[in-house]
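Asks: after the sequence you'll find the predicted model.
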Number of protein chains: 2
Amino acid sequence: MSAEANKSDNTGSWADISPDAARRLVIAAVQAFAERGYHATTTRDIAGRAGMSPAALYIHYKTKEELLFQISGVGHRLALGIVRDAANGGGTPAERLAAVVRSFVRWHAEHHTTARVVQYELGALSEEHYTEIAARRREIDAAVRAIIEDGVRSGGFDVPDVPGTTLAVLSLCIDVARWFSPEGRRTPDQVGDMYADLVLRMVGAAGA
Amino acid sequence: MSAEANKSDNTGSWADISPDAARRLVIAAVQAFAERGYHATTTRDIAGRAGMSPAALYIHYKTKEELLFQISGVGHRLALGIVRDAANGGGTPAERLAAVVRSFVRWHAEHHTTARVVQYELGALSEEHYTEIAARRREIDAAVRAIIEDGVRSGGFDVPDVPGTTLAVLSLCIDVARWFSPEGRRTPDQVGDMYADLVLRMVGAAGA
């Protein structure tokens, strides 16, 4: 658990959060939420894990919900960045869709602890914060849908239900965070390759 | 939330649990775990929701973990029953695989509250109980894998990675519990039909 959180940190998930104390609190919160759930975690638990006092936590985050929103916000910005980078990377719709799936799967596998918190604790966000995150989720959905629509238009894909297939593709990628284990038989890259192939089949990509 | 739990009750998920007080406690526990998470729920909360005293709860379940194990056990037995019924229903491998996916998706959509507890709180089970549930999960996996292997043998399916595809098919169905909403645009049956079609594409079923 802590190895993954450290990795998230090293690979830059939380690199933009400053000062250092705020970043340490976010990393501690991800670990605590993943282990015990949002509602079972207190700000005192989080401060303790970060080696800080509850008063020191309060300087950076007024509430536990603010911490969750920070985590969710960073997670969704990263996910949207990954999807957009792959979507804008050029190539045929099949190549772009495969690239999106590979990157999105890899992120959910490598950062499965963070991804679980981001995906399963959405209901604990305040209404205002949830609205903001939901808008980001619609952008992710739209980016994937646009590639599938491109593929249908150019004749490479055969998709009877574009919104439904978009939902299923994202769902397949997201659920990697639930079942992936670093001790499992597949690396994040291998899962990404396998899933890219499966998704091309789902959209009926010619030659897949 | 309570409408779904009641529905689970009415449609028989918990019908085999007796006496009535034990069944009421399980229904209350599912609701509480789904709303607040396992670790944030106390046996006192559960007893209160069921209109009982903590002492009355203790007659039926010695610990909160026993309640979770009961929920997980019933959930997995139902899931295995659904998969086996569909798998043994006759027809071609494509027909059987489509039937499994339709039933499994419908269950995860209709009982999404229960399914979320079953899927996301596995880590809170004792080691002994987890071992028992994990065996049931392997049986579910094996039933689906057998159909895919049948399809490959008889030439109807084209599947380069049978264990990986089995994992992806089950993952796609399970994640329905995360995103499904009764207020959404699709009924459980419609999601089941759409997913059956997508899964036949994933296995390269001829004519899909």
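Replies: Alright, I've got the coordinates. Residues are numbered from 1 along each chain as shown, chains lettered A, B, ... in the order given.
Asks: neighbours around whichever residue of chain A sits closest to chain B, how many?
Replies: When scored by Cβ to the nearest Cβ, chain A has A:Gly37 as its residue closest to chain B, at 3.1 Å. C-beta: built from backbone N, CA, C; applies to glycine. Using other Cβ atoms under 10 Å in any protein chain shown, the number of residues around A:Gly37 comes to 23.
Asks: I figured it hits B:His39, correct?
Replies: Yes: counting by Cβ atoms under 8 Å, A:Gly37 touches B:His39, with 5.1 Å between them.
Asks: got the buried residues for the helix or strand hosting A:Ala55?
Replies: Taking DSSP states H and E as the criterion, A:Ala55 maps to helix A:54-60. Neighbour-count burial for helix A:54-60, counted by 16 or more other Cβ atoms under 10 Å in any protein chain shown, picks out A:Leu57, A:His60.
Asks: roughly how far out does that helix sit from the chain middle?
Replies: The chain centre lies 27 Å from the centre of helix A:54-60; the measure is Cα atoms, centre = their mean, to the nearest Å.
Asks: list of residues touching that helix?
Replies: A:Ala21, A:Ala22, A:Leu25, A:Thr43, A:Arg44, A:Ile46, A:Ala47, A:Ala50 (Cβ atoms under 8 Å, 6 or more residues apart in numbering or on different chains).
Asks: right, and the helix or strand after the helix or strand of chain A with the lowest mean pLDDT?
Replies: Counting by mean pLDDT, DSSP states H and E, the weakest-scoring helix or strand in chain A turns out to be helix A:2-10, with a mean of 44. Note on helix A:2-10: by DSSP H and E, the next helix or strand toward the C-terminus is helix A:20-36.
Asks: check which element follows that next one along the chain.
Replies: helix A:43-49.
Asks: how about the longest helix anywhere in chain A: buried residues?
Replies: Ordering each helix of chain A by length in residues (DSSP state H) puts helix A:127-153 first. Across helix A:127-153, burial judged by 16+ other Cβ under 10 Å covers A:129, A:133, A:136, A:140-141, A:143-145, A:147-152.
Asks: how about that helix, does it reach chain B?
Replies: No: contact of helix A:127-153 with chain B is not found when judged by Cβ under 8 Å from any Cβ of the partner chain; the minimum separation is 10.3 Å.
Asks: give me the buried positions along the helix or strand following that helix.
Replies: Going down the chain from helix A:127-153, the next helix or strand is helix A:162-174, by DSSP H and E. For helix A:162-174, the neighbour count (16+ other Cβ under 10 Å) marks A:Val162, A:Gly164, A:Thr165, A:Thr166, A:Leu167, A:Ala168, A:Val169, A:Leu170, A:Ser171, A:Leu172, A:Cys173, A:Ile174 as buried.
Asks: quick check, nearest of those residues to B:Arg185?
Replies: Nearest to B:Arg185 out of the buried residues of helix A:162-174 is A:Gly164 (Cβ to Cβ; 9.2 Å).
Asks: among the contacts of helix A:54-60, the buried ones, what's the PyMOL command?
Replies: In PyMOL, this line selects whichever of those come out buried by 16+ other Cβ under 10 Å:
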select buried, chain A and resi 21+22+25+43+46+47+50
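Asks: who in chain A is up against chain B?
Replies: A:36-40, A:119-120, A:160-161, A:164-165, A:167-168, A:171-172, A:174-176, A:178-179, A:186, A:191, A:194-195, A:197-198, A:201-202, A:204.
Asks: cutoff 6 Å now
Replies: A:36-37, A:39-40, A:161, A:164, A:168, A:171-172, A:175, A:194, A:198, A:201-202 (Cβ under 6 Å from any Cβ of the partner chain).
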